[in-house]
Every structure is written in C-alpha cells, then in structure tokens.
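S.K.: Next one to model:
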Amino acid sequence: MTSTTHNDTKQAVQSFWLLGLLNNAPWVLMLACATNISSGGVALVFLANQAPGLLTKLTAPCWFHKVSYRTRMKMASLAMGVACFLVGCGGLFNDEMSSTEGDNGEDNNDQSDDDNATRARFGLMLELLGVSFTSFQCSLGEASLLALAGKFDSSLLPQFSSSSGSLSLDSYSAVGNDNSGRLESRSYDEGLFSHEESYPEHNNTHANDGDDEQSTSEGILMKSEKQQRKCITAFSSGTGCAGIVGYAYKSLLAELFGWGLSTIVWSAILFAVAYYRIYCTGLYEMEIRLEAAQTRLDHERCASSAEAEELNGTAAAEQRSSLEMVTQPQDEEGNDSPTLLPQLSSELTNTTTKSVHHMTACERFQTVCSLWPYTIPLFFVYMTEYMMQAGVWPAIGFPVTSASARGQFYHYANWTYQVGVFVSRSSGNLFTVSLTLLWVMPMLQLVNLCLFWLISVHHFWYDYSLLIMCFVVGLLGGGVYVQGYNRINADMPKELREFALSSASVADSVGILVADISSLFIQSCIYQRNGIDGAVVNCPLSL
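M.R.: Numbering: from 1, shown residues only. Next comes the predicted model:
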C-alpha cells in the first residue's frame, strides 16, 4: 500500500467516525431534552423522534438510487440545522410564557391564561416539528453513510490499494465476488447459516506453486478483508459515541453553565455546519478521485482482456470458464495468471446481479425482503433492548416507591448502556461473527429482557450491581449492529451492497417503534405489581 493510499484510508476512517458522531448526536440530544420539551408528554417527543425517520427508511429503496450522496448529505445537514432552530424557537416561547406568568394583574388572569395556553401550544408545535426534522435527518444520514461506508470498504479503497501495489489484481474484489456468486447459487438456509465465514480469509481456495507465494497471497487477502470493515466500523463507533456525547452535551451546558433549552439546541446548529463540511472535505473529494482512478483501472483491464482474447482465442475462453468453476488461478502451462482474477470479478457482478438503477420496484422489494437473515436480528435486538430502556428500567429504583430513586437508576442505566454500545460498535475490526452467532445474540438480549422483568417484579437482585447487566445489554445491541452491517457488506453481491446497507437500516427503526409502544404497557404492569401510580395506560394483565 502506498503512502497516498494509507493517508486516504486514515482520512476516510476519521471522517466516517466523526460523521457517525455528528449524525446521531442531535437525535440523542432531543431525547435528553424530552422532559424540557414536554414534561407531561414525553411519549410525543419519542414518537416525533422516530416516525419520520421510519418513513424515510421505508421509502429509501424507491428513491435513494436516484439521489446522489452529496444531495442527501445536503438535505440531512439542512434538516439538522432547521431542527435545532425550530426547537430553540419553541423553547423560547415557553420561556417567555413562564417569565410573564407572575407579571399580570388579577383582572387579566383569564385572558393571560388563554394567551399562555396558546403560546404553550404553539411552542410545543414548533418543538415537535423540529424533533421530526431531527428524526428525518438522522435516518437519512445513517442510511446514506452506511451505504457510502460499504462503498469505500468494498470498492474504492481496496481497488485503489491493489492498483497501486506490486500485485496487479484486486484480491478483495475477486474473493468478495466469489462469495457473491455462491450466494446467488445457494439458498439462505443452505448457505448462510453455515459455521464457515464468508469473509475472504475463509475462502482462499487458490493454490500456488510455492509456500512463499502462498503466504504472500494469504497476507494480501487478510489485509483486504480487514480493510473491508474499517469504514463501517468507524461509522458504527461514531454513532455509539454519540449516545454518550448527546447526553453529556446537554448535562454539561445545563448544569455547569446554566443554559436553557433554546440556547443548548441553538448551539447545536454548529453540528450541522461541521457535518456537511466534514463530508465535503473528508469523503466527497476522495470519492471522486478514487472513482476516477477505478474507472481508469477498469478501462485498462478491459483493454488487456480484449487483447488476451484476441491472442489466445478459444484457449483464453476455456481458461476463464475453468476459473468460474473454482479452483486455481493458473494458465494451461501451470503458470500463475493473476490478471484473470479481476476478469472473473467483473463477470460475476455483471452476470449474476442487476444494477439497482435497472431494477423494477418489485425487484427492489424482493431484494429488501431477501435481507431477512440480517434484518431480523437487527429488529429483534433493538426491540428487546428498547423495551428494557423505555419499559423496565424506568420502573426500577432503590427503593422502587421513590420517584427520584427510579429516575436516578434510569439515568445511570442509560449511561452504562451507552458505554457498552460504544465499546461493541468499535470492535468491528477486531473480530467477526458467523451468521449463526448473529442470530444467537438477539436471543441473549431476550434473556436479558426477561431477567430485568423478573427482577423488577420480584426484587431478588435489587441494587446498583444491575448496571453490569445494563452494560451487557449495550454490548449485545452494539455488537449486532456493527457485525450485521459488516456481514451484509461481505455477503451481498458487489452491485447490491450499497442498496442493501441502506435498506437494511429500516429494521432497527421498526424495532424501536414496536418497543416504544410495547413499553407503555410493560411499565404500566410493573407499576401495578409494585403499587406505583402514574402509568399513562392500564396494564392488560393481572399480576
């Protein structure tokens, strides 16, 4: 790898980490300010912070391929700025209303009450509208940046790295598309739930003449495989850190500096400026440059392929056919022929998959449905962990009858959870998991949910050592996130990776929405069991 490629990789990783942080930090900030926005209707804030984003992700397969990354990032940056402005304006109305409550005479009490109620409704409307913009921005940015990270991992950086090194083949693409080809020829039940990894180091079936050449080839494949996960892992790590930064940002400015809601969210407009600036300087220019280099390399390969066919005729065609059947990258005389591997890569992507731009709406829908081996674990792990966050943890306290004690445990539990998410989302470069284990992890999260439910009802383990399990909940949730998207980028055909990554992100949003609705009843039932008043719905069970 040349110095230029190393610098590009480093810049891409840093940019994706910062974009992940900035993309999710305003979303977390709105949740942290939920009680300030509407103390009596926190559920409204959660709904406004989820529904528009879910709609964005559900419709993404219909229009993402028609809109460039740069345009989508402009939209996300603008939405982030508008959201902070609107929430700040709404908070300003509420602040003015509070300051004028005691300044009116008794004769004007009725009129002032009506005016204050009108101001309160208008301020809340502005705040919820702003929160809705945040939801749209976060989902649009997440789906777009996940796809872009997959593009950098699977196409741009590996392609540029191999073209600038001593070896003339793109070893990642060759092996990666071998995976794609096998995916096309096998059903999910037969192929995906195998203990054998589909990452390149587990699929190096090419034989070489000598031990030294074999070691060199394996080293190249290992390096390319590790390269494959860097950008997605960096983005995932940044989103994990956003949970910590969002809550810390609000706590620091409110408690240390005494800032109100309006000032806090208005200051976050700087996030929107930095967000778009980092994309343009860190990724957009690099994407254009690396795509140009990739185009030149593809043209060179096409030219060499045409020349080889003209010189070798039928022999060259038979040689390529034997490569598609698997085995050894050698010509008829037993010599290594690395230049044929990129041809194999190109043929696989062109013949076994169709570009998203040429798919019908029905074909795109079928492709999204085919992602179920990845989306079901994502949906399930998000649903179970948010049931704990929104339903069980708010009903735990020492003692449980104390509202302040419940609030204190909820505060510490969420902080501990966010640390676990950050740690696990940063682990994508350290190890990979099989698809079988990816399905086991949500099952373990369900065990955690049942454990916390029993604890909240029977109090058999009832002290702050429960924070250890909150950390484990974060580890499992963040682990499924980063490992799931890394597997999609490795397992899917190259032509479909960006589409698959952006489309699969709808699973977590659906899981959160289901959990938010279910948590109303979960918390109500735990309140009923512990003799606590204040639940907003009635428990449908008799406990």
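
S.K.: contacts and neighbour counts: CA atoms only from here.
M.R.: Will do.

S.K.: From the contact counts, what lies against the helix ranked longest in the chain?
M.R.: Using DSSP state H to define each element, the chain has its longest helix at helix 109-151. Helix 109-151 sits against helix 3-32, helix 42-48, helix 51-63, helix 69-100, helix 230-251, helix 497-504, with contacts defined as 3 or more CA pairs under 8 Å, 6 or more residues apart in numbering; DSSP states H and E.

S.K.: Just the buried positions in the longest one, please.
M.R.: Taking 16 or more other CA atoms under 10 Å as the neighbour-count basis, helix 69-100 is seen to contain the buried residues 69, 72-95, 97.

S.K.: who touches the helix or strand hosting Arg277?
M.R.: Using DSSP states H and E, Arg277 falls within helix 269-279. Outside helix 269-279, the residues within contact range by CA atoms under 8 Å, 6 or more residues apart in numbering are 15, 18-19, 22-23, 26, 73-74, 77-78, 80-81, 84-85.

S.K.: Buried residues of stretch 273-286, list them for me.
M.R.: Result for stretch 273-286 [16+ other CA under 10 Å]: buried residues 275-276, 278-280, 282-283, 286.

S.K.: quick one: which of those residues is nearest Ile232?
M.R.: Leu283 (13.6 Å; CA to CA).

S.K.: how about the closest one, what does it touch?
M.R.: Contacts were defined as CA under 8 Å, 6+ apart; by that measure Leu283 touches 12, 15.

S.K.: In contact with Ala254, which residues?
M.R.: By CA under 8 Å, 6+ apart, the contact set of Ala254 is 260, 264.

S.K.: could you measure it against Arg229, distance?
M.R.: According to CA to CA, to the nearest Å, Ala254 stands 38 Å off from Arg229.

S.K.: follow-up on the earlier one: for the helix or strand following the helix holding Arg277, packing partners?
M.R.: Using DSSP H and E, the next helix or strand after helix 269-279 towards the C-terminus is helix 285-312. Counting contacts by 3+ CA pairs under 8 Å, 6+ apart, helix 285-312 is packed against helix 157-164, helix 314-325, helix 340-352.

S.K.: So which of the helices and strands packed on helix 109-151 is nearest Ala403?
M.R.: Using CA to CA, the nearest of those to Ala403 is helix 42-48, at 16.0 Å.

S.K.: Any stretches of the stretch 151-300 of the chain with poor pLDDT?
M.R.: 156-228 (pLDDT under 70).

S.K.: shouldn't Trp17 be in contact with Phe235?
M.R.: Yes - using CA atoms under 8 Å as the test, Trp17 is close enough to Phe235 to be in contact (4.6 Å).

S.K.: quick one, what contacts Lys250?
M.R.: By CA under 8 Å, 6+ apart, the neighbours of Lys250 are 29, 32-33, 264.

S.K.: Most neighbours out of the residues you listed, which is it?
M.R.: Counting neighbours by other CA atoms under 10 Å, Leu29 leads those with 25 neighbours.

S.K.: per-residue confidence for that residue?
M.R.: On pLDDT, Leu29 comes in at 88.

S.K.: angle of the helix or strand containing Arg487 against helix 109-151?
M.R.: For Arg487, the element it lies in under DSSP H and E is helix 467-491. Relative orientation of helix 467-491 and helix 109-151, computed by axes from the mean of the first three to the mean of the last three CA atoms, to 10 degrees: 50 degrees.

S.K.: What residues of helix 467-491 count as buried?
M.R.: Per 16+ other CA under 10 Å, helix 467-491 contains these buried residues: 467, 469-491.

S.K.: so how far is that helix from its chain's centroid?
M.R.: Distance, stretch centre to chain centre, for helix 467-491: 10 Å (CA atoms, centre = their mean, to the nearest Å).

S.K.: on that earlier part again, starting at the chain centroid, how far to the longest helix of the chain?
M.R.: With CA atoms, centre = their mean, you get 22 Å for helix 109-151.

S.K.: mind checking the SS state of the closest residue to Gly260 other than its chain neighbours?
M.R.: Distances taken as CA to CA, 6 or more residues apart in numbering put Ala254 closest to Gly260, at 6.4 Å, once the chain neighbours are dropped. Secondary structure state of Ala254, per DSSP: H, G, I helix; E, B strand; the rest coil, is helix.

S.K.: pLDDT weak spots in this structure?
M.R.: For the chain (pLDDT under 70), the answer is 1-5, 35, 38-43, 94-114, 156-228, 305-355, 543.

S.K.: Go again with 80.
M.R.: 1-6, 31-32, 34-47, 93-120, 155-228, 290-358, 534-536, 541-543 (pLDDT under 80).

S.K.: Quick check: Gly282 touching Trp17?
M.R.: No - between Gly282 and Trp17 no contact is recorded; they are 11.0 Å apart, counting by CA under 8 Å.

S.K.: And Gly88, how far from Arg301?
M.R.: 55 Å.

S.K.: What of Phe235?
M.R.: 32 Å.

S.K.: again, but for Ser370
M.R.: Counting by CA to CA, the gap from Ser370 to Arg301 is 32 Å.
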